[in-house]
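Peer 1: I need the structure of the sequence given here:
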Amino acid sequence: MSPDRLRSRCSYDCQRYLEALEYALRAHEGQFRKGSGIPYITHPVAVSAILAQYGYDEDIVIAALLHDVLEDAEVSEVELEKRFGGRVASIVRGVTEEKTDENGIPREWEIRKEEAIRHTGLAEEPVVALKAADSLHNVYSLVRDLRVTGESLWARFKRGKEKQLDYYRRLSSIIRQRLKDSPLAIELCEAVTILEKVASEYDH
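Peer 2: Numbering: from 1, shown residues only. Sure, this is the predicted structure:
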């Protein structure tokens, strides 16, 4: 399909979407999904697609493409705002974890995840929706990887299976409270249930 035909069928500003995609590609160049050879860019693209499929607006879909650039790349919030606007930058900031303290020392996983859960309970709805889509893709990825690699999957994570499952269980509950009967929130809760079921199959 030609770019002109693609643009004519796109309900978003396709040029802006392509600019964000190219920006994310450069920011995540050389990065891979944890414990795999899968290019990291596949994750933000998938999260963006989830939000687009559920009808979220352009800024949220664009923010999804960029949602890890502050956390995992040499990108500043000022630069992000200049390129894509204040709302996009604010949404991205809302899902960004502080992985290190002011001295550059890595912060504990448990502290970061507690902050993420607490912030999700207080954040504005676009941030919660992005967190939901991000978590949904991560949970589905865990389900697929479990079915392919089995129990050895959990060795990829410094924190084992129980802490991972507990985090997604608690996070999905908070998101369901915030987004109520949103189809996205419902799908996330269903996905976490599937993950728990598949994980339990390896307990025996």
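Peer 1: can you show me the CA trace of the host helix or strand of residue 63 as PDB?
Peer 2: With elements taken from DSSP states H and E, the one containing residue 63 is helix 58-65. Backbone C-alpha positions of helix 58-65 (Å, rounded to 0.1, in the frame of the first residue of the first chain) are rendered in PDB as follows:
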ATOM      1  CA  GLU A  58      -3.900  10.100  18.900                       C
ATOM      2  CA  ASP A  59      -1.800  11.500  21.800                       C
ATOM      3  CA  ILE A  60      -2.300   8.300  23.800                       C
ATOM      4  CA  VAL A  61      -1.400   6.100  20.900                       C
ATOM      5  CA  ILE A  62       1.700   8.300  20.100                       C
ATOM      6  CA  ALA A  63       2.700   8.200  23.800                       C
ATOM      7  CA  ALA A  64       2.500   4.400  23.700                       C
ATOM      8  CA  LEU A  65       5.200   4.300  21.000                       C
END
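Peer 1: from the contact counts, what lies against that helix?
Peer 2: Applying 3 or more C-beta pairs under 8 Å, 6 or more residues apart in numbering; DSSP states H and E, one finds that helix 58-65 contacts helix 14-27, helix 42-53, helix 86-94, helix 125-149. Quick note: C-beta positions are derived from backbone N, CA and C, even for glycine.
Peer 1: which one of those lies nearest to residue 109?
Peer 2: For the helices and strands packed on helix 58-65, distance to residue 109 was read as C-beta to C-beta. The smallest value, 14.4 Å, belongs to helix 125-149.
Peer 1: next, the angle from the closest one to helix 86-94.
Peer 2: Computed by axes from the mean of the first three to the mean of the last three C-alpha atoms, to 10 degrees, the angle separating helix 125-149 from helix 86-94 equals 50 degrees.
Peer 1: so what's the gap between helix 125-149 and the chain middle?
Peer 2: Centroid separation for helix 125-149 versus its chain: 7 Å, with C-alpha atoms, centre = their mean, to the nearest Å.
Peer 1: turn the helices and strands packed on helix 58-65 into CSV, including mean neighbour count and distance to residue 195.
Peer 2: Output for the helices and strands packed on helix 58-65, formatted as CSV (neighbours: other C-beta atoms under 10 Å; distance: least, C-beta to C-beta, whole Å):
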stretch, mean neighbour count, distance to residue 195
helix 14-27, 17, 26
helix 42-53, 20, 16
helix 86-94, 20, 24
helix 125-149, 20, 5
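Peer 1: before we move on, the earlier item: state the mean pLDDT of the helix or strand following the helix holding residue 63.
Peer 2: As assigned by DSSP H and E, the chain's next helix or strand after helix 58-65 is helix 69-72. Along helix 69-72, the predicted local confidence has a mean pLDDT of 95.
Peer 1: do you know how far the residue most central in space within the chain is from residue 87?
Peer 2: Among the residues of the chain, the one closest to the centroid is residue 134, at 2.4 Å (C-alpha atoms, centre = their mean). Here the distance between residue 134 and residue 87 works out to 18 Å (C-beta to C-beta, to the nearest Å).
Peer 1: ok, residue 95 next?
Peer 2: Computed with C-beta to C-beta, the distance linking residue 95 and residue 87 is 14 Å.
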